[in-house]
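>>> 3D model of this:
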Amino acid sequence: MKTLIRYLAYPALAGSILLLLVVLASRGIAYWPTFPLIAFAGIAAVALLERIAPFEPDWNRDHAGDTRVDALHLIVSTLLIHSGVAMAFGLRALLPEASALWPGAAPMWAQVLLAGAILDLGLYAMHRASHAHGFLWRLHAIHHSSERLYWLNGGRRHPLSALVLAVPGLTALLALGATPIAVGAWLSFMSVHLAFQHANLDYRLGPLRYLLGVAEMHRWHHKREFEDAQVNYGEVFLIWDRLFGTFHDAPRSPAQGEIGLQDNTMPEQYTAQLLWPFRETDAQRRTIR
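Presented below is the predicted three-dimensional model:
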């Protein structure tokens, strides 16, 4: 069972979910509630697989109430992004037709992948900027403060950081006149991918790990030493890391005791974490090299 999970979990689960979303989008199925429910089912499956084949058994244990706090982060960030996208594309429909920049006649699978590539490039750029600029880093540091990686970490983000990361790519898609259901399909798939990317799951992707930001590659991005964590920024694709010189690979992924922040002053409570970026301390200043 564990061998099957190790080599088939991502291609079977993530691949089938992406295929299902594309098929439903091509048939004109309404985004709500079908697409969020599919994403939720995929995330729940990742959480279950962690219990069967964990990468680090201790990471399946709650650490000082972080499961509840991370769940709140996930709910708030997800609602913020998805409701914002729905509102933006709703307003877009009231405006005059834009120039035909978006290939609306292309097959839905091509539209979904194009939307994903544009969004992912924007996420890469803003993710890298969030590691380079003081206030952006303080917003983003909440995501890095966890000392374990598991299925909920993909949503452990300050709401402002979630907006900073998503807005450039979504704005580009809006300006291009992207098909809303194609964007929705990709966002739903990305929710499942982010659960996989941070999963405490012993799985492998073989040569495809050089192209996709799965857990075995993304753990390097969560290294406790800040200077070592400036790699593998890609959310779904690692193409941008390879193009811009931030790709890193090694035989062994970071494990227990190697994840988190060196000067971790992050409070444990959800509200206190939201306020933390606005209360700069000497420890926070030292985190930025």
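>>> the helices in this protein, which residues?
According to DSSP state H, the chain carries its helices in the segments 2-9, 15-26, 34-52, 66-92, 108-130, 134-144, 159-176, 180-197, 215-218, 239-244, 270-275, 282-287.
>>> in TSV, list the ones you listed along with mean neighbour count.
From N, CA and C alone the C-beta is placed, and that goes for glycine too. Compiled in TSV, these are given as follows (neighbours: other C-beta atoms under 10 Å):
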stretch	mean neighbour count
helix 2-9	14
helix 15-26	18
helix 34-52	18
helix 66-92	17
helix 108-130	20
helix 134-144	21
helix 159-176	19
helix 180-197	25
helix 215-218	24
helix 239-244	16
helix 270-275	14
helix 282-287	14
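>>> can you redo those as JSON lines with distance to P251?
JSON lines is the format used below for the helices of the chain (distance: least, C-beta to C-beta, whole Å):
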{"stretch": "helix 2-9", "distance to P251": "16"}
{"stretch": "helix 15-26", "distance to P251": "26"}
{"stretch": "helix 34-52", "distance to P251": "23"}
{"stretch": "helix 66-92", "distance to P251": "29"}
{"stretch": "helix 108-130", "distance to P251": "25"}
{"stretch": "helix 134-144", "distance to P251": "23"}
{"stretch": "helix 159-176", "distance to P251": "30"}
{"stretch": "helix 180-197", "distance to P251": "19"}
{"stretch": "helix 215-218", "distance to P251": "10"}
{"stretch": "helix 239-244", "distance to P251": "18"}
{"stretch": "helix 270-275", "distance to P251": "34"}
{"stretch": "helix 282-287", "distance to P251": "28"}
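>>> make CSV out of the ones you listed and add distance to A250 and mean pLDDT.
Shown next, in CSV, are these (distance: least, C-beta to C-beta, whole Å; pLDDT from 0 to 100):
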stretch, distance to A250, mean pLDDT
helix 2-9, 19, 96
helix 15-26, 26, 98
helix 34-52, 23, 96
helix 66-92, 27, 85
helix 108-130, 20, 98
helix 134-144, 19, 96
helix 159-176, 26, 93
helix 180-197, 17, 95
helix 215-218, 10, 97
helix 239-244, 14, 98
helix 270-275, 31, 97
helix 282-287, 23, 50
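>>> nearest to N60, of those?
Across the helices of the chain, the minimum distance to N60, taken as C-beta to C-beta, is reached by helix 34-52, at 6.1 Å.
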